[in-house]
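Student: sequence first, predicted coordinates after that:
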Amino acid sequence: MAAKLSGERGSGGVVVLAVGLLVLSISVGAIGLLAAFPVRQAAQAAADAGALAAADVASGYLDGEPCAEAARVVEANGASLEQCETHDREAVVRVRVESGPFVFSESSRAGPPPEREDVRRSRQHLEAFRFSQPVHRSARPYNGRRRVATAPTSLRPAGIAVREHADPSKERLCQAATHWSSSSRRPK
């Protein structure tokens, strides 16, 4: 039995060397992949900036050609413009960034927000309300108590507390006493 085991001498060193090379190659690959994430984020940022610039030109906020402005902004962010399309006031931009063996292609869309039905209805309601008859002050409900707005405790001048009054004449006195600004001196 001793003769069989004598041929196995030194195999532990080979196994340790193989495991060490495996760990080293996995580590190098993982570091390469982790280094690529910021490049992908930069590609997405360049696409976003290019789409916003193209949408600004398409909407009329800036002068010029939308895709030319997108190309200028994308190149300033270290990417190259692959595709640029504009429809009405919207822009879709696709960019490309190369970093070592990795090539990232990201796209972004920009334009005015879509008009939601509830927003459109509320705008119609506000327009109708704006041109309606004014409401008289006496028609508004009054519950008998009004609270005076004051600053947070840390900013409030010393010695002045929050007070509530049912009598509007006392409320005016309270408001006059609690006016403050960050540059004003403490009232005497």
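Tutor: Perfect, I can see it now. Residues are numbered from 1 along each chain as shown.

Student: how is the chain carved up into domains?
Tutor: Listed by automatic domain parsing, the domain ranges of the chain are 15-110, 144-178.

Student: report the separation between the two terminal residues of the first one.
Tutor: According to Cα to Cα, to the nearest Å, domain 15-110 extends 56 Å from its N-terminal end residue to its C-terminal end residue.

Student: where's the residue nearest to Arg72 when sequence neighbours are not counted, which helix or strand?
Tutor: Of all residues not flanking Arg72 in the chain, Ala53 sits nearest, at 7.5 Å (Cβ to Cβ, 6 or more residues apart in numbering). Glycine gets a C-beta too; all of them are placed from N, C-alpha and C. For Ala53, the host element (DSSP states H and E) is helix 11-59.

Student: what's the first helix or strand after that helix?
Tutor: helix 66-76.

Student: what packs against that following helix?
Tutor: Other helices and strands packing on helix 66-76, by 3 or more Cβ pairs under 8 Å, 6 or more residues apart in numbering; DSSP states H and E, are helix 11-59, strand 80-87, strand 90-99.

Student: could you spell out the sheet neighbours of the last one, each with its direction?
Tutor: In this case it means strand 90-99. Here strand 90-99 is paired, per DSSP bridges, with strand 80-87 (antiparallel), strand 102-110 (antiparallel).

Student: and of those, who's closest to Gly20?
Tutor: strand 102-110 (26.8 Å; Cβ to Cβ).

Student: what's next to that closest one, contact-wise?
Tutor: 36, 39-40, 43-44, 46-48, 50-52, 54-55, 82-83, 90-98 (Cβ atoms under 8 Å, 6 or more residues apart in numbering).
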